[in-house]
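K.L.:
below are the sequence and a predicted model for it; my questions follow.
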Amino acid sequence: MANFLVWVVWFVAAFACLASALAVVSFSNPFYSALALIGNLASLAVLYLLLSGVVAAGQVLVYGGAVMVMFLFVIAYLGDRQGESPWSGGPSWQVVGAILAGGAILAEVCVVVGLKAGGLLSKPQHVGRSFGSPEALGRAFLTDHLLAFEVTSIVLLVAAVGGVVLGSHARQESDARA
Amino acid sequence: MHGPDIQWYVVLSALLFATGALGVMLRRNPLIILLSVEIMLNSANLLLIAMSRLHGGEDGQIFAISVMAVAAAEVVVGLGLIVAMGRRNVELDVDKLRTLRG
């Protein structure tokens, strides 16, 4: 019974995930696209929760919280400044080429999964009780992956400085214009 | 608790990645291109975590958390660029930004 419930939750979350991803790509208003992306991230968090609790919590906090608030703030700040009217004028060669390229990615993955990696992927799962626990993740972060941990902090620092520099340049130019 | 096999995760992740790639290739609004890049990063994260569970190690989850941090940094810089474009009253259309072309 628990097994059946896992499958039901998985399929609902996967369907919501795909539908909201298509909505992000196809809405013409960026505000609605950002709202659809919140749905996408929430359903992905459900899928992560079936696999690993810590990463699901990080997904909700970092993406669903911080990143999406930033997106919505910028979209609201820029206002109704539409540069494009998508899906007008019929399919161009760009649309056809993009859809062909997307289909090529899908076909590639299906060939790899179906033909080459079938035996490797179907081995039985051996997952310990401590999988995905904060203790195991923290231990891995501070022993085997300490360099990645430290480099990530430098990346975040550089991004913060870059954001401030971009903002201050823009302010000087708009002040000079006014 | 025995959920779906790894093949389901691979197919879902590939579908998500293709959707995000379509958004990057088709749309011209830089905001929506950034949102589509987020979809692509998340599809890679989903597969990393699923593979991590398949092999029972923590390394895939470490990768996924690092990808989240780098994605947050990318959003900061990308949105900073878009706000700078907005302050200069440039139309938000990546096809019309031709100044950087060599």
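P.N.:
Happy to help now that I have it.
K.L.:
would you mind finding the longest helix in chain A?
P.N.:
helix A:146-177 (DSSP state H).
K.L.:
mind listing what's buried along that helix?
P.N.:
By neighbour count, and taking 16 or more other CB atoms under 10 Å in any protein chain shown as the criterion, the buried residues in helix A:146-177 are A:149, A:152, A:155, A:159, A:163, A:166, A:170. In short, each C-beta sits where N, CA and C put it, glycine included.
K.L.:
give me the helices and strands touching that helix, please.
P.N.:
Using 3 or more CB pairs under 8 Å, 6 or more residues apart in numbering or on different chains; DSSP states H and E, the elements in contact with helix A:146-177 are helix B:59-87.
K.L.:
touching chain A at all, the helix it packs on?
P.N.:
Yes: for helix B:59-87, a contact with chain A is found by CB under 8 Å from any CB of the partner chain, at B:59, B:61-62, B:64-66, B:68-77, B:79-84, B:86-87.
K.L.:
neighbours of A:A104, just the number please.
P.N.:
12 (other CB atoms under 10 Å in any protein chain shown).
K.L.:
looking at it now. What's its pLDDT?
P.N.:
According to the model's per-residue confidence, A:A104 sits at a pLDDT of 87.
K.L.:
show me what contacts A:A57?
P.N.:
Contacts here follow CB atoms under 8 Å, 6 or more residues apart in numbering or on different chains; on that basis A:A57 touches nothing.
K.L.:
hey, which helix or strand in chain A has the poorest pLDDT?
P.N.:
helix A:118-121 (a mean of 65; mean pLDDT, DSSP states H and E).
K.L.:
next structured bit after it?
P.N.:
The helix or strand immediately downstream of helix A:118-121 is helix A:134-142, counting by DSSP states H and E.
K.L.:
hmm, who's touching that next one?
P.N.:
Outside of helix A:134-142, the residues that reach it under the criterion CB under 8 Å, 6+ apart are A:54, A:130, A:149, B:58-59, B:61-62, B:65.
K.L.:
and the furthest pair within the residues you listed?
P.N.:
Farthest pair in the contacts of helix A:134-142 (CB to CB) is A:S130 and A:F149. Separation: 19.8 Å.
K.L.:
sorry, back to before: pull out the buried members of the residues of helix B:59-87 next to chain A.
P.N.:
Neighbour counting by 16+ other CB under 10 Å classes B:61-62, B:64-66, B:68-69, B:71-77, B:79-84, B:86-87 among these as buried.
K.L.:
pretty sure A:V46 is in contact with A:A13, am I right?
P.N.:
Yes: between A:V46 and A:A13 there is a contact at 4.1 Å, judged by CB atoms under 8 Å.
K.L.:
which of these two has more neighbours?
P.N.:
A:A13 (20 against 17).
K.L.:
which parts of the helix or strand containing the more buried one are buried?
P.N.:
For A:A13, the element it lies in under DSSP H and E is helix A:2-26. If you call a residue buried by 16+ other CB under 10 Å, then helix A:2-26 has these buried ones: A:10, A:13-14, A:16-18, A:20-26.
K.L.:
again with stretch A:49-56
P.N.:
Residues of stretch A:49-56 classed as buried: A:49-52, A:54-56 (neighbour count, 16+ other CB under 10 Å).
K.L.:
how long is it from one end to the other?
P.N.:
With CA to CA, to the nearest Å applied, stretch A:49-56 spans 5 Å between its terminal residues.
K.L.:
could you give the mean pLDDT of it?
P.N.:
82.
K.L.:
with stretch A:61-80 instead?
P.N.:
If you average the pLDDT over stretch A:61-80, you get 84.
K.L.:
residues contacting B:A64?
P.N.:
Residues counted as contacts of B:A64 (CB under 8 Å, 6+ apart) are A:55, B:45, B:48-49, B:52.
K.L.:
and the pLDDT at B:L100?
P.N.:
Per-residue pLDDT puts B:L100 at 62.
K.L.:
which of the three states applies to the nearest residue to B:G78 once chain neighbours are set aside?
P.N.:
Closest residue to B:G78 in three dimensions, ignoring its sequence neighbours and counting by CB to CB, 6 or more residues apart in numbering or on different chains: B:L34, at 4.9 Å. Of the three states, B:L34 takes helix according to DSSP: H, G, I helix; E, B strand; the rest coil.
K.L.:
wait, B:G86 sits on A:Y77?
P.N.:
Yes: contact between B:G86 and A:Y77 holds when scored by CB under 8 Å: they sit 7.2 Å apart.
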